[in-house]
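S.K.: Provided below for reference: sequence and predicted model.
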Amino acid sequence: MTNRTFTIIKPNAVAAGNAGKIIDAIIEGGFRVIALRLTYFSRNQAERFYAVHKGKPFFNELVDFMTSGPVYVGVVEHENAVAEFRRLIGATDPAKADEGTIRRRFGESLQCNAIHGSDSDENARIEWSQFFSDDDIIIAEYR
Ligand code: GDP
């Protein structure tokens, strides 16, 4: 399953009206969107999602941010999806992200960096399983 990864269009990007442009950039980047849904993170979900950062000074602020408004969660497909998607979105800090990347274009700060991309195949599956059943994704395979 090395050809799929999980993404979140984060609350700042949805609130700014940039979700459509970001989905466009994902598709123009050669990815196939195979699942996509508008939802909210509960505090529990956000704390679980970012558990690796628990104890860091920015953890509470990050959870506040991720629960501050609606997000799009999605699964996208591409050869070598995890690495290619992280290349498309750019570095964590939008100010350090390459020109033309999604975080450079739509990120507002290190925290409000517009979009998430999983960092490994294993984490991608764990993350999308919090939002999508296998059936949601199988439907896309009939297209
Ligand atoms: P990613 O894999 O590129 O998303 O980066 P990380 O796993 O290191 O961080 C997860 C998310 O936490 C980032 O995408 C940012 O939204 C946020 N974040 C990371 N580092 C910081 C920080 O130093 N301060 C704040 N406020 N947020 C951060």
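M.R.: Ah, there it is. Numbering: from 1, shown residues only.
S.K.: can you confirm Ile8 is in a helix?
M.R.: No: the assignment for Ile8 (DSSP: H, G, I helix; E, B strand; the rest coil) gives strand, which keeps it out of a helix.
S.K.: Phe131 touches Val73, doesn't it?
M.R.: Yes: using CB atoms under 8 Å, Phe131 is in contact with Val73, at 4.6 Å. Bear in mind the C-beta positions are built from the backbone N, C-alpha and C, glycine included.
S.K.: Name the residues contacting each of the two.
M.R.: Common contacts of Phe131 and Val73, defined by CB atoms under 8 Å, 6 or more residues apart in numbering, comprise Arg37, Thr39.
S.K.: what residue ranges in the chain score low on pLDDT?
M.R.: Applying pLDDT under 70 to the chain flags residues 1-2, 138-143.
S.K.: Contact residues of it facing the ligand?
M.R.: Contacts of the chain with the ligand, taken as CB under 6 Å from any ligand atom, map to Phe58, Glu61, Leu62, Thr92, Leu110, Gln111, Asn113, His116, Asp119.
S.K.: The fourth one touches Cys112, doesn't it?
M.R.: Yep, that's Thr92 we're talking about. No: between Thr92 and Cys112 there is no contact under CB under 8 Å: 11.5 Å.
S.K.: neighbour count winner among those two?
M.R.: Between Thr92 and Cys112, Cys112 has the larger neighbour count (other CB atoms under 10 Å), namely 18 against 13.
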